[in-house]
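[1] using only what follows, build the 3D model:
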Amino acid sequence: MPRRNRPGRDRDGRAARPEPGATSGWAHTESGQDGDWLVRTVPGSHATKTYRCPGCDHEIRSGTPHLVVWPADETGSVADRRHWHRPCWDARGRRRPTRRW
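    Alright, predicted model coming up:
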């Protein structure tokens with residue numbers, strides 16, 4: 001009987017999880033008037049949920065490429081991450097967020 005391979009599983013039969021940052025790239029640091037930020041690009045193929053952009057207050061629908069941004073200092077946590085459209089993030093110095101978090 002031929003052998004069946006199960007890709008994406010480890011020896012115990014559990015689904016293997018990719019390392020954080022491996023699927024959508026590592027974060028890089030960006031500095032601006034509002035401080036230092038860690039920025040990670042999320043390609044459309046990995047965007048599976050709908051988020052609200054704090055720059056324009058519009059939805060970022062699943063499948064839309066966007067950015068995940070959080071403070072670069074040690075006080076930033078998962079709760080501080082925000083999902084932005086790229087143009088909204090680039091324009092944050094010229095205009096303030098339209099929504100209170």
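
[2] flag every buried residue along the longest strand seen in the chain.
    Determined from DSSP state E, the single longest strand within the chain is strand 35-42. Within strand 35-42, the residues that count as buried by 16 or more other C-beta atoms under 10 Å are 37-40, 42. Every C-beta, even on glycine, is put in place using the N, C-alpha and C of the backbone.

[3] what comes up buried for the helix or strand of the chain with the lowest mean pLDDT?
    Least confident element among the helices and strands of the chain, by mean pLDDT, DSSP states H and E: strand 28-32 (a mean of 90). Buried residues in strand 28-32, counting neighbours by 16+ other C-beta under 10 Å, are absent.

[4] re earlier: helices and strands around the longest strand of the chain, which ones?
    Strand 35-42 makes packing contacts with strand 28-32, strand 66-71 when contacts are defined by 3 or more C-beta pairs under 8 Å, 6 or more residues apart in numbering; DSSP states H and E.

[5] can you list the ones you listed in TSV and add distance to Ser77?
    Listed next are these as TSV, based on distance: least, C-beta to C-beta, whole Å:
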stretch	distance to Ser77
strand 28-32	17
strand 66-71	8
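
[6] so which of those is nearest Arg95?
    When these are compared by C-beta to C-beta, strand 28-32 sits nearest Arg95, at 13.0 Å.

[7] mind listing residues that contact the closest one?
    36-40, 72, 92-93 (C-beta atoms under 8 Å, 6 or more residues apart in numbering).

[8] buried residues in stretch 84-98, which are they?
    84-85, 88-89, 92.
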